[in-house]
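J.: Can you look at this prediction? I've put the sequence above it.
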Amino acid sequence: MPHRLRQIVAHYSLRVVVVLAAWGMKAVAQKVQAGRAKKAAPQPPQRKTRSRATCKQQQLVTRFIWHPARDYKPSNPKWLVEALQWTPGTIPPEHLPECPALTAFKKAVSSSKLHIEFGTPECKELFTLDPSFTYLNHGSYGAAYRIGLDVQEWYRQQLELEPVRFMETTAVAGIIKAVAAVADFIGASWQDVVPVVNATTAVNTVVNSIKLKRGDLLLVANTTYPAVRSTLAAAAARAGAGLLDITFQLSDLLDEDRIVSCYKSALKVAGHRLKLVVIDHVVSFPPVLMPVKQITEACRAAGVPVLVDGAHAVGAVPELNVPELGCQYYTTNLHKWMCTPKGAALLWVHESKQADVHPLVVSHGYGLGFRGEFLWQGTSDPTAWLSVSACIQVMQALQPLEVAQYNHSLVRQAAQLLLKAWGTQIELGVGKDGSTAGMVAVQMPWPLRGTSNNNSSGRCSCASSNGCTSDAPPVAVNGVAIDRKDTVGVQPTSADAAALNMLLRQQYKIEVPVACIEGMLFCRISAQIYNNIQDYQRLADVVLELA
């Protein structure tokens, strides 16, 4: 280092040392002065010295739980833990009080069969439907047995008499018993079935359990129920995944082999990216009974799990045996063809998949396993599920096979009546062997006119107190009911279907869904034991008045 540079460094180094020393001496002097001032000030009265233990209690204690799946210990209530130890046959009888109305019903039933002729006014008394309506739409929301509603109301009253005892004993015990009864009805083990409020909730639950990532695919079809399609689209969007959508034409849905072939082709296209296939057991509209077993066999060969949306199945598909279908997940509503109050549905999950399936609502059952987590999902009204056993009692008394045979025979007969009366040709929902799911879509005549406006375009219109017109919004029918732009004004549209549906309901008190499929109008008729052939004759006559 040059001599001059060393002089400069030494000069400034010395100055730095002097400054730091001065700052330190000043700080020391300030502390000394502050200490003297504190001693000179008057002192507050002395408090008693607290023990070390008391001081420790006042300290905020925190800890990190970096691995909750391993280290977090939930505080599960004792009553819930104990309830999970019960089997359906070991539930304490005092936890299962029976509604007096159900007791009286059971006494009135002789030889395990309820002797009522189907389609008669006496049979209609089993339900609470408005007698002024011709109700041909059991498939949409069902209709509850009167006894089921009575039992539900009785349980609601019991709940409010002593809410804590009821929720922690009667509610959980009743749900366990009801789940076991339903599981037996679908040929499943009660340990593989859990309660949910509706099939849409079950679909969301299953989709939420699938670990999707960017580039994965979910397989749907244009026949998939709109709410389910939206569920899958939302899940795919969150994960950066996609949908593979099968587009069926009407001709495809008339051929089971063609349906299976479409699914096999889609499996090949998707390859290893496919994480879940969702299929309907019974399509909502048109009500086609899908070849579920053949589809699940193809999916199993491709190594892809299957969720079957059986919203319309239980009670409509005779001798349903879910485990034999070959799927990994199955859901069905009970309020439709089992005729329970609204808010009861089930989710069946294959044992191999149960560890990954959790309810959307996490509550006191967290960590108690598949059944425990679903048994309690927070405070809610459990009475729909508590009435399920009563509805099963009614079905067993009516004989489920006889109910299904009556419904299927009536709906086939009704479809032929309508086709002949209207001079149309197409029916959807009747298999080659004559099988149905209690519903058939029947082609309607066109053009049709409204009762108050005979317009020259032939479009259906109606005038009513709420301003219904032919400009009503289109009815969404599973993606199949699409309009052909080149036929607007010549052939019917979804707006025409919506207007006709409203006209039949408001003007004629006929409840039946109407949809436009590939430029043709269809109505979907349902058959239940409160219906008879005269109901469909009335529909035929009213539509002919509009033709």
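T.: Done, it's in.
J.: In which helix or strand does the residue nearest the centre of the chain reside?
T.: Nearest to the mean C-alpha position of the chain, counting by CA atoms, centre = their mean, stands Thr200 at 1.9 Å. Using DSSP states H and E, Thr200 sits in helix 199-209.
J.: what residues does that helix touch?
T.: Helix 199-209 is touched from outside by 196, 218, 227-228, 231-232, 235, 276, 278, 307, 309-311, 329, 331-333, 345-347, 349, 353, 356-360, with contacts defined as CB atoms under 8 Å, 6 or more residues apart in numbering. C-betas here are computed from N, CA, C, even on glycine.
J.: switch to 6 Å and redo it
T.: With contact meaning CB atoms under 6 Å, 6 or more residues apart in numbering, helix 199-209 is reached by 196, 227-228, 231, 235, 307, 311, 329, 331, 333, 345, 347, 356-357, 360.
J.: Convert it to PDB, keeping the C-alpha atoms and dropping everything else.
T.: Output in PDB follows, covering the C-alpha atoms of helix 199-209 (Å, rounded to 0.1, in the frame of the first residue of the first chain):
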ATOM      1  CA  ALA A 199     -77.400 -37.200  -5.100                       C
ATOM      2  CA  THR A 200     -75.800 -33.900  -6.100                       C
ATOM      3  CA  THR A 201     -74.100 -33.700  -2.700                       C
ATOM      4  CA  ALA A 202     -72.800 -37.300  -3.100                       C
ATOM      5  CA  VAL A 203     -71.400 -36.500  -6.600                       C
ATOM      6  CA  ASN A 204     -69.600 -33.400  -5.200                       C
ATOM      7  CA  THR A 205     -68.200 -35.500  -2.400                       C
ATOM      8  CA  VAL A 206     -66.800 -38.100  -4.700                       C
ATOM      9  CA  VAL A 207     -65.300 -35.600  -7.200                       C
ATOM     10  CA  ASN A 208     -63.700 -33.800  -4.300                       C
ATOM     11  CA  SER A 209     -61.900 -37.000  -3.300                       C
END
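J.: Give the rounded mean pLDDT of that helix.
T.: Here helix 199-209 scores 96 as its mean pLDDT.
J.: How about that helix, which residues are buried there?
T.: The neighbour-count check on helix 199-209 (16 or more other CB atoms under 10 Å) flags 199-209 as buried.
J.: ok, those residues vs Thr379, which is closest?
T.: Nearest to Thr379 among the buried residues of helix 199-209, counting by CB to CB, is Thr201 at 16.7 Å.
J.: Run through who's touching stretch 101-110.
T.: Contacts with stretch 101-110, where a contact means CB under 6 Å, 6+ apart, come from 147, 150-151, 390, 397.
J.: now, which of those lie within helices?
T.: Residues of the contacts of stretch 101-110 located in helices (DSSP state H): 147, 150-151, 390, 397.
J.: JSON lines for these, including distance to Leu320 and pLDDT?
T.: Formatted as JSON lines, these follow (distance: CB to CB, whole Å; pLDDT from 0 to 100):
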{"residue": "Ile147", "distance to Leu320": "23", "pLDDT": "96"}
{"residue": "Asp150", "distance to Leu320": "27", "pLDDT": "97"}
{"residue": "Val151", "distance to Leu320": "24", "pLDDT": "97"}
{"residue": "Ala390", "distance to Leu320": "20", "pLDDT": "95"}
{"residue": "Ala397", "distance to Leu320": "19", "pLDDT": "91"}
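J.: Now the two most distant members of those residues.
T.: Asp150 and Ala397 (15.4 Å).
J.: on that earlier part again, immediately after the helix holding Thr200, which helix or strand?
T.: Using DSSP H and E, the helix or strand that follows helix 199-209 in sequence is strand 217-221.
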